[in-house]
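J.: following is a predicted model, sequence given first.
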Number of protein chains: 2
Amino acid sequence: MKQEFTQAEGGVCAAIGFSANGLNCGLNPDKNKNDLALIYSEAVCKAAAVYTTNKVKGAPILVTKKNLAATGNLAKAVIANSKNANTCNADGEEKARMMCELAAKELGIAPEEVIVASTGVIGQILPIEPIASHVKELAEGLSAENHGKAANAVMTTDTFPKEVAVSFELDGKKCTIGGMAKGSGMIHPNMATTLNFVTTDVAISAELIQKALSEIVKVTYNCLSIDGDTSTNDMVSIMANGLAGNKEITEEGADYELFRDGLYEVLMQMTKMLAKDGEGASKMLECTCAGAPDQDTAIIVAKSVIRSPLFKCAMFGEDANWGRILCAIGYAEADFDISQVEVSLESAKGTIKVCEHGAGVEFSEEKAKEVLGEDEIYINIDLHQGEASAKAWGCDLTYDYVKINGDYRS
Amino acid sequence: MKQEFTQAEGGVCAAIGFSANGLNCGLNPDKNKNDLALIYSEAVCKAAAVYTTNKVKGAPILVTKKNLAATGNLAKAVIANSKNANTCNADGEEKARMMCELAAKELGIAPEEVIVASTGVIGQILPIEPIASHVKELAEGLSAENHGKAANAVMTTDTFPKEVAVSFELDGKKCTIGGMAKGSGMIHPNMATTLNFVTTDVAISAELIQKALSEIVKVTYNCLSIDGDTSTNDMVSIMANGLAGNKEITEEGADYELFRDGLYEVLMQMTKMLAKDGEGASKMLECTCAGAPDQDTAIIVAKSVIRSPLFKCAMFGEDANWGRILCAIGYAEADFDISQVEVSLESAKGTIKVCEHGAGVEFSEEKAKEVLGEDEIYINIDLHQGEASAKAWGCDLTYDYVKINGDYRS
């Protein structure tokens, strides 16, 4: 079905006309860890974003929303910091606006053309001085090669940077969509997730870019759960500068669908990276629910399993305790018949069927141990009552998750 | 408001006319751990129960429902086993019925007068022989003194048995309500919880006992979350044999309210015990949400905080990371204004206010460490937008939770 996409290098700078940079400005006492990122497009971009549904919203989200409203969804840059979420602070919006102003001044653009994001501890006043004193150096170092420095700057407890890019042909032109993300914990996205910055050189209208983003986020980021906690600062933004030279996509059709498929590829790969690097994770879990009466049911069932702490512990223990999968399917808030359910567990080492018609089937415990010993585990559920399917991603629950989050103000 | 209740001894046998017993029949290889319990009332009881909302329902639940329907909500006995949930098995209902028949035969009653319950691993065939060969010994040992043996028999990963009883005066007669429960993990009750058996000598109609049970479960067990996993075998049953001699309660009014308050006292104390003994728990957490526009909002907010894995880890780390509390309040699915929220943390060592008007306030980290060093922590939230309040209970998330549930088929 989906056209082949070519993996590309360069993350958030893979598309034409984008540059980036990252450095340590002093918010993070570890001088080897960047904490401030800048992304810049030489041409003005159509922009779209989706945000957390948490009632507690980080101040940067409020400012970004206002900026995009003021420009009619146009943007030229992103400034983002880690180590401090700038959330639940009385002066939060003022500080977020100052970040936009500082970046805009160095770039010679309007403050409203800047998307701003913060991640880190909630409820600590954001010191602006470290940012103010480093923004010049940050802007001067902008280059297409520095995408990795920017990706490093948004990491919190992430153990590796997340960068993805794919290329494809549209209207005879080579087009690219790339992105970077921070992940790790407080991840149970709801209409958005974590911090994700996507860039593309595709020419597309602001309406359609928002539509594609919303559609794809529903079946990628929103199907990811690390710990069931929906963050206050979740945001996915996308900027399209049109420099690929394709005829602007202004209506639904084959071109739009190709763009949307490319966006799915990028966000799905990013989602899997986030799952793999969930806080304390030792295994990436991908749950597919097929045979569902409709897609929403498939999503709800797959997410219910991925979220279950008991199932996540069993995966950490490499125990084929399928009763916990059935239990999590059973409490999923959707309407379906549990008596037809079939479940199998799969990895590079093979597949074992553990449940049929809602009841257990005999399987080799030895084979199960071997299958579950791998780093990537696939849980395949078939409800046998329809044609719809969906995937959800997550990770196991480990000692390290508790250690990381029991430590002082991580 | 609430009348004073006197704590009583004897758990599930505290009320007049009840006897119990427990023993090891061999389902559990540890001969020092009981795995089979019997509760008996010398007089027929009005009975009521609430059950899990999980679509996967343990076979014993299906059989208990049918039995109560067949007798018109009358019962004389309970038989329960641990170590095997008798759930997701093709022969589950047949085995559950056999358990009722075995108990009924020894007690000289009808099989439909028996409430049956199982807890343990899901999806393993229940061997009936160990039960069949021990039910005679079990019935012969029934006595009011053996309540502890029965409470021991329903324990799974519980570290202590849960028994509560209170006495009060009604219609000039001494009345008692007592109960026993098993808890530990897979606890996120929804209209019911875990296995809970309540007995009373109060005379009350079947309709009103069901009404009181449903009302009280909503504000006690249903406000408990150990790990967010709703079990397949949850059940709370209550049996009232009327031997206290009070005039039967057949309508709402002062007598009904007193009975309901007594039931609240028993179930609330049991809920706190379950929270304290949550799998791997080192701290009991009680979250009160006051100042809510209505009780449902208060319940949703308090449960959202109690369920948050990040908050639970912070409590394990004794870290006053109140941003995680605000985050969990923020994603609670209820309609309220976040900007008025006030939060304080309390224990036997004192109280610290950490948040006011939805933003942080300065507090002594030293004092916070001292407050959070205690075993029982109270999180007090005031939404400042109404008069309603509710409590929720839970525990911290620890290395031991992961260990217990990562171990093979616990």
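T.: That came through fine. Residues are numbered from 1 along each chain as shown, chains lettered A, B, ... in the order given.
J.: list the contacts for the residue lying closest to A:Phe18 once chain neighbours are set aside?
T.: Leaving aside its chain neighbours, A:Phe18 sits nearest to A:Thr199 (4.8 Å; criterion: C-beta to C-beta, 6 or more residues apart in numbering or on different chains). Every residue, glycine included, has its C-beta placed from N, CA and C. Going by C-beta atoms under 8 Å, 6 or more residues apart in numbering or on different chains, A:Thr199 touches A:12-15, A:18, A:39, A:41, A:45, A:177-179, A:238-241.
J.: check the gap between A:Ile381 and chain B for me.
T.: According to C-beta to the nearest C-beta, to the nearest Å, A:Ile381 and chain B sit 13 Å apart.
J.: how far away is the spatially closest residue to A:Lys283 that is not a sequence neighbour from A:Cys289?
T.: Nearest non-adjacent residue to A:Lys283, counting by C-beta to C-beta, 6+ apart: A:Asp396, 4.5 Å away. Using C-beta to C-beta, to the nearest Å, A:Asp396 is found at 19 Å from A:Cys289.
J.: A:Ser167 too?
T.: A:Ser167 is 31 Å from A:Cys289, by C-beta to C-beta.
J.: looking at A:Asp396 and A:Cys289, which is more packed in?
T.: More crowded of A:Asp396 and A:Cys289, by other C-beta atoms under 10 Å in any protein chain shown: A:Cys289, with 30 against 23.
J.: who are the packing partners of the helix or strand containing the more buried one?
T.: Per DSSP states H and E: A:Cys289 is located in strand A:284-292. Counting contacts by 3 or more C-beta pairs under 8 Å, 6 or more residues apart in numbering or on different chains; DSSP states H and E, strand A:284-292 packs against helix A:254-276, helix A:295-307, strand A:376-382, strand A:388-395.
J.: tell me how far that strand is from the chain's mean position?
T.: Chain-centre distance of strand A:284-292: 18 Å, with C-alpha atoms, centre = their mean, to the nearest Å.
J.: which outside residues touch that strand?
T.: Residues contacting strand A:284-292 (C-beta under 8 Å, 6+ apart): A:272, A:275-276, A:297-299, A:301-302, A:305-306, A:312, A:315, A:336, A:340, A:375-396.
J.: what helices or strands is the worst-scoring helix or strand of chain A on mean pLDDT leaning on?
T.: Least confident helix or strand, chain A: strand A:224-225 with a mean of 72, by mean pLDDT, DSSP states H and E. Counting contacts by 3+ C-beta pairs under 8 Å, 6+ apart, strand A:224-225 is packed against helix A:254-276, helix A:295-307, strand A:388-395.
J.: among those, which comes closest to chain B?
T.: Comparison of these against chain B by C-beta to the nearest C-beta identifies helix A:295-307 as nearest, at 7.4 Å.
J.: still on that earlier bit, pLDDT wise, what is the residue nearest to A:Phe18 at?
T.: What the model reports as pLDDT for A:Thr199 is 86.
J.: please apply the same query to A:Leu138.
T.: Residue-level pLDDT assigned to A:Leu138 equals 98.
J.: that one sits in which helix or strand?
T.: Judged by DSSP H and E, A:Leu138 forms part of helix A:135-140.
J.: got it, and A:Ile115?
T.: Per DSSP H and E: strand A:114-118 holds A:Ile115.
J.: quick check: next helix or strand after that strand?
T.: helix A:129-132.
J.: which helices and strands sit right next to that next one?
T.: Here helix A:129-132 touches helix A:92-107, going by 3+ C-beta pairs under 8 Å, 6+ apart.
J.: so what touches the helix it packs on?
T.: Contacts of helix A:92-107 (C-beta under 8 Å, 6+ apart): A:38, A:40, A:58-60, A:62-63, A:67, A:76-77, A:79, A:81, A:86, A:89, A:110-114, A:116, A:118, A:126, A:128, A:131-132, A:135-136, A:138-140.
J.: now it: how far from the chain's centre is it?
T.: On C-alpha atoms, centre = their mean, the centre of helix A:92-107 falls 25 Å from that of its chain.
J.: what angle do it and strand A:114-118 make?
T.: Angle, helix A:92-107 to strand A:114-118, by axes from the mean of the first three to the mean of the last three C-alpha atoms, to 10 degrees: 130 degrees.
J.: for helix A:92-107, buried residues please.
T.: A:92-93, A:95-100, A:102-104, A:106-107 (16 or more other C-beta atoms under 10 Å in any protein chain shown).
J.: again, but for stretch A:357-366
T.: In stretch A:357-366, counting by 16+ other C-beta under 10 Å, buried: A:Gly358, A:Ala359, A:Gly360, A:Phe363.
J.: could you check how far the third one is from chain B?
T.: In this structure, A:Gly360 lies at 4 Å from chain B, with C-beta to the nearest C-beta as the measure.
J.: next up, the contacts around that residue.
T.: A:Gly360 neighbours (C-beta under 8 Å, 6+ apart): A:Trp322, A:Gly323, A:Val354, B:Cys88, B:Asn89, B:Gly123, B:Gln124.
J.: could you do the second one as well?
T.: For A:Ala359, the contacting residues are B:Cys88, B:Asn89, B:Ala90, B:Gly123, taking C-beta under 8 Å, 6+ apart as the criterion.
J.: looking at those residues, spot the one nearest B:Gly406.
T.: B:Gly123 (18.4 Å; C-beta to C-beta).
J.: gap between the closest one and A:Cys395?
T.: In terms of C-beta to C-beta, B:Gly123 sits 24 Å off from A:Cys395.
J.: now do A:Glu333
T.: Taking C-beta to C-beta, one finds A:Glu333 at 23 Å from A:Cys395.
J.: what's the answer for A:Ala203, then?
T.: Going from A:Ala203 to A:Cys395 by C-beta to C-beta gives 37 Å.
J.: more neighbours, these two?
T.: A:Cys395 (28 against 23).
J.: go through stretch A:172-182 and flag the buried ones.
T.: Under 16+ other C-beta under 10 Å, the buried positions of stretch A:172-182 are A:Lys173, A:Cys175, A:Thr176, A:Ile177, A:Gly178, A:Gly179, A:Met180, A:Ala181, A:Lys182.
J.: mind putting these into CSV with pLDDT?
T.: Below are the buried residues of stretch A:172-182 laid out as CSV (pLDDT from 0 to 100):
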residue, pLDDT
A:Lys173, 90
A:Cys175, 92
A:Thr176, 93
A:Ile177, 93
A:Gly178, 91
A:Gly179, 89
A:Met180, 89
A:Ala181, 85
A:Lys182, 82
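J.: quick one: which of those residues is nearest B:Ala153?
T.: Checking these one by one against B:Ala153 (C-beta to C-beta), the nearest turns out to be A:Lys182, at 49.7 Å.
J.: report the contact partners of the residue nearest to the closest one when sequence neighbours are not counted.
T.: Spatially, and ignoring its direct neighbours in sequence, A:Lys182 is nearest to A:Val154 (4.1 Å; C-beta to C-beta, 6+ apart). Going by C-beta under 8 Å, 6+ apart, A:Val154 touches A:Gly22, A:Ala37, A:Ala80, A:Ser82, A:Ala117, A:Thr119, A:Met180, A:Ala181, A:Lys182, A:Leu195, A:Phe197.
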